[in-house]
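*Asks:* Sequence plus predicted model, see below.
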Amino acid sequence: MEYSGYKRRISTVLWVCVNAVILVLSLIPMGQVVQHVSFNDKIAHGIAYAVLGFVTYGFIVYHELFQSRSVFFLISSALFYCWFVGGGIELIQPFVGRSRDVFDFLFDILGSSVGIFGAYWVMRRALDTHFYRKQ
């Protein structure tokens, strides 16, 4: 079963926008970062990467990038991508006037894992996509 074009377009736009926002906010110099956020930086990392994980998993499923693969492979692919982005950004930050923080990366991992498993649950339970239907 193929997904309609609008679902693919929506998942693509969301995925690109979330990636762009995370990249820009993570790499602008610390002096330019808006400091009006009233909650902890680690919570912000967790939320941002939960959203990234959610839309990445949806992007992979709606674009049928791995059609004949298991759910384990789909989840692992989304996890690898999100962890690669989080780790890569943490490695680049010292070169743009930011500091590298292993706890930021840990919250990136935690947030993306929650987002991916949340997307799996939504697609499994609420949307009942063809991939998850019992044969």
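*Replies:* That came through, no problem.
*Asks:* At which residues are the helices of the chain located?
*Replies:* 5-27, 41-62, 71-92, 102-121 (DSSP state H).
*Asks:* elements contacting the longest one?
*Replies:* Of the remaining helices and strands, those touching helix 5-27 by 3 or more CB pairs under 8 Å, 6 or more residues apart in numbering; DSSP states H and E are helix 41-62, helix 71-92. C-betas here are computed from N, CA, C, even on glycine.
*Asks:* most packed of those?
*Replies:* Ranked by average neighbour count under the criterion mean count of other CB atoms under 10 Å, the helices and strands packed on helix 5-27 are headed by helix 41-62 at a mean of 22.
*Asks:* and the angle from that helix to helix 102-121?
*Replies:* For helix 41-62 against helix 102-121, the angle by axes from the mean of the first three to the mean of the last three CA atoms, to 10 degrees is 40 degrees.
*Asks:* pLDDT below threshold where in the protein?
*Replies:* Applying pLDDT under 70 to the chain flags the ranges 1-4, 30-39, 65-68, 126-135.
*Asks:* Perfect, that will be all.
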